[in-house]
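1. Sequence first, then the predicted structure:
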2 protein chains.
Amino acid sequence: MERVPILKIGDILLVSIQVDMSDQTAIQLQEDLAERIVATGCHGVIIDITALDIVDSFVGRMLSTIASISKVLDAETVVVGMRPAVAITLVELGLSLNGIRTALNVERGMELIAASRSDEWDEMDVDEDHETTATS
Amino acid sequence: MERVPILKIGDILLVSIQVDMSDQTAIQLQEDLAERIVATGCHGVIIDITALDIVDSFVGRMLSTIASISKVLDAETVVVGMRPAVAITLVELGLSLNGIRTALNVERGMELIAASRSDEWDEMDVDEDHETTATS
C-alpha cells in the first residue's frame, strides 16, 4: 500500500499528494497526519496538490476531512498549488472546498499560517509595547 | 506522463519522490529542476525519498546526476528521509551514492545547506565589521 510522506518544516507539516488516492491511502494519510500533529505540536498543515490533474469529490472530501481533523487538533490547513484547470473543474462540478483555505504556493501558504497564528496572539491581548527612552 | 512537483521554500527547492521513476519521468525531473534552479536562483536542492521502499541503481544514478547538474548551477543537493532498510540494501548491493550528501530529515537538510553556504562566505573573506561611532 502506498503511503503519502509527511515532511516537517519548522512549525508546519507538508504533504505533497502525487499518487492517486484510494480509500485506504486517504484514511492512512488522515491517521498519519493526526498522529504527527499531536507528536510534533505543529500548528499548520500544508497540502500541495501541484501534481493533481483533477480533484474529484472524493479528493475534495478528503481535503475537507483533513482540515476538520487538523482544526480539532489546533492546526490550520492550507491547500496550495492548485492548477487553473483544477479550479475551473471544481467550480463547474459545483464542488466547493468547504472550510479549506488555499494559497498559490508553499511559501504563501506558510505566510498565511504564520499571519493567522499571530492574529490569534493579538486577540489574546498580548501587550508588546516596548518604549525606548533616549538618555542624553 | 507523471511529473514530480518541485516546491520552493525560501532558498531551497524541495522534491518529494513518491512515484516509480521511469526513464522519462527522471529526465523530465532533471530538466525541470535545472530550469527552476536557474529561474529562482536557489542554492539548495532537497530530495526526499521517505516514500521509496527501494533505491536501485537507476534511482541511485538519477540522484547522482541531479546532484551533478545542481552543482554546476551552484546549488547543493541533499538527499533526506532514507529508510534504514534502504540504506542496508544500498550497501549490500554495493551502490554508493557518489557525491551525494544525506541528512535525516528535511530540517536537518536545510541546516546542512545553510551551514555549507555560510562556510563558503567565510572562505571569501567577506569583512563584515561595521563600526558605529556615537555622536555626542
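-> Sure thing, it's come through.
2. Any regions of chain A where pLDDT drops low?
-> For chain A, the stretches flagged by pLDDT under 70 are A:1, A:124-136.
3. Tell me where it has strands.
-> Using DSSP state E, the strands of chain A run over A:6-9, A:12-16, A:44-48, A:76-80, A:101-103.
4. Give the other helices and strands that the second one contacts.
-> Put plainly, it is strand A:12-16. strand A:6-9, helix A:23-40, strand A:44-48, helix A:106-123 (3 or more CB pairs under 8 Å, 6 or more residues apart in numbering or on different chains; DSSP states H and E). For glycine as for every other residue, the C-beta is placed from the backbone atoms N, C-alpha and C.
5. With the shortest one instead?
-> With contacts defined as 3+ CB pairs under 8 Å, 6+ apart, the packing partners of strand A:101-103 are strand A:76-80, helix A:106-123.
6. who wins for proximity to chain B among the ones you listed?
-> Of all the helices and strands packed on strand A:101-103, helix A:106-123 sits nearest to chain B, with 4.8 Å by CB to the nearest CB.
7. Could you list every helix and strand in contact with that closest one?
-> The helices and strands touching helix A:106-123, judged by 3+ CB pairs under 8 Å, 6+ apart, are strand A:12-16, strand A:44-48, strand A:76-80, strand A:101-103, strand B:6-9.
8. which residues sit in contact with the nearest residue to A:Val78 once chain neighbours are set aside?
-> What sits nearest to A:Val78 in space, not counting adjacent residues and going by CB to CB, 6 or more residues apart in numbering or on different chains, is A:Gly109, at 4.1 Å. A:Gly109 makes contacts with A:44, A:46, A:78, A:80, A:103, as judged by CB atoms under 8 Å, 6 or more residues apart in numbering or on different chains.
9. how close does A:Gly109 get to B:Asp32?
-> 21 Å (CB to CB, to the nearest Å).
10. before we move on, what about A:Asp48?
-> A:Asp48 is 15 Å from B:Asp32, where distance means CB to CB.
11. Compare those two (neighbour count), which wins?
-> Neighbours per residue (other CB atoms under 10 Å in any protein chain shown) separate A:Asp48 from B:Asp32, with A:Asp48 holding more: 23 against 16.
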